[in-house]
Structures are given as C-alpha cells and as structure tokens.
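Q: Build me a structure from this.
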Amino acid sequence: MEIERSTATGWVAWVLFGGILLVLLGTLHLTVGLIALLRPELIAGDRADQLLDISLTSIGWLHVALGVIALVAGVGLIRGLTWARVVSVGLALLAALVNFAFIAVHPVWSVIGIGLAVLIAWAVAAHGREVADAYGS
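A: Okay, the predicted model is just below:
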C-alpha cells in the first residue's frame, strides 16, 4: 500500500473556519428570521426595525432566506464543493459590505467583521480546492 503525501497548506484551516462560521451565521439568521415571523413582538422597535423602512415580516423572510443559504453553503464549504466556494465568497463579500455600512455604529466589531470576511473570502478563493482534494473529489 502506498502512502500519499498531502499537499494541503495551513490555509485549509481558514477555509474550514469559514465553513463553520457560515453554519453558525446561517443558524443565527434562521433563528432571528423565525422569531421575526413567529413572535415579532420580541424584536419590534429595535434598531434593525428602525434602520430600514420595510416591514418586520420582510426582514424576517430575508433573514430566513439568508440563513438557509449560509447554512447550506457552510456545510458545502466544509465538504469542499465548488458551488459552495462560489456562494461562500459572495456571502463573505456581502458580510464585509454590511459591516462597512455599520462601521459608524459598531466600529470595532465592524472592522473585525470586515477583516474576517475578507480573510475568509481570500482563503476560500485561493485555497478552497485543497479542501476538495482532501476528500478525494
């Protein structure tokens, strides 16, 4: 039996970290969306409700949709699937943009969020294939 040597770099950890973050982020958005739809009185009148001039139901459905997309993309990214890498980079860049929009409200967290989003987007774009290679696909 021949033992093969892995060509994966340490950047694979950042790709997997990005996948785990997407799963957690997707779960969080799904939960917030379901709360907005099922128990809107719990979050009515908060900052998010006042920031955008759209209904709480619309915000809830937006959170549910983004949550499902992020959750599925995160699992796909961990599995090394090509479509998940594309979606993950798009979601990371969207997260960076949203964090930039909130930089005046939460400067430290926004800068941290932008940094992580850009780092993970780059790691997935440049080294995402290494995860797929690890699975032999």
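Q: contacts, neighbours, all on C-alpha from now
A: OK.
Q: contacting residues around the one helix or strand R85 maps to?
A: Assigned by DSSP states H and E, R85 falls within helix 82-101. Applying C-alpha atoms under 8 Å, 6 or more residues apart in numbering, the external contacts of helix 82-101 come out as 22, 70, 73-74, 76-77, 110-111, 113-115, 117-118, 120-122, 124-125, 128-129.
Q: Mark which of these are buried, thanks.
A: 22, 70, 73-74, 76-77, 110-111, 113-114, 117-118, 120-122, 124, 128-129 (16 or more other C-alpha atoms under 10 Å).
Q: Filter those residues down to just the ones in strands.
A: Judged by DSSP state E, strands contain none of those.
Q: which regions of the chain sit below the pLDDT cut-off?
A: Scanning the chain for pLDDT under 70 picks out the ranges 1-6, 44-52, 136-137.
Q: before we move on, back to that, with just CA atoms, put the helix holding R85 into PDB.
A: Extracted in PDB, the C-alpha atoms of helix 82-101 (Å, rounded to 0.1, in the frame of the first residue of the first chain):
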ATOM      1  CA  THR A  82     -17.200  24.000  -5.800                       C
ATOM      2  CA  TRP A  83     -20.600  25.700  -5.800                       C
ATOM      3  CA  ALA A  84     -20.300  26.300  -2.100                       C
ATOM      4  CA  ARG A  85     -17.000  28.000  -2.500                       C
ATOM      5  CA  VAL A  86     -18.500  30.400  -5.000                       C
ATOM      6  CA  VAL A  87     -21.500  31.100  -2.700                       C
ATOM      7  CA  SER A  88     -19.200  31.400   0.300                       C
ATOM      8  CA  VAL A  89     -17.000  34.100  -1.300                       C
ATOM      9  CA  GLY A  90     -20.200  36.000  -2.300                       C
ATOM     10  CA  LEU A  91     -21.600  35.800   1.200                       C
ATOM     11  CA  ALA A  92     -18.300  36.800   2.700                       C
ATOM     12  CA  LEU A  93     -18.100  39.900   0.500                       C
ATOM     13  CA  LEU A  94     -21.700  40.700   1.300                       C
ATOM     14  CA  ALA A  95     -20.900  40.400   5.000                       C
ATOM     15  CA  ALA A  96     -17.900  42.800   4.500                       C
ATOM     16  CA  LEU A  97     -20.200  45.300   2.800                       C
ATOM     17  CA  VAL A  98     -22.800  45.100   5.500                       C
ATOM     18  CA  ASN A  99     -20.200  45.500   8.200                       C
ATOM     19  CA  PHE A 100     -18.800  48.500   6.400                       C
ATOM     20  CA  ALA A 101     -22.300  50.100   6.400                       C
END
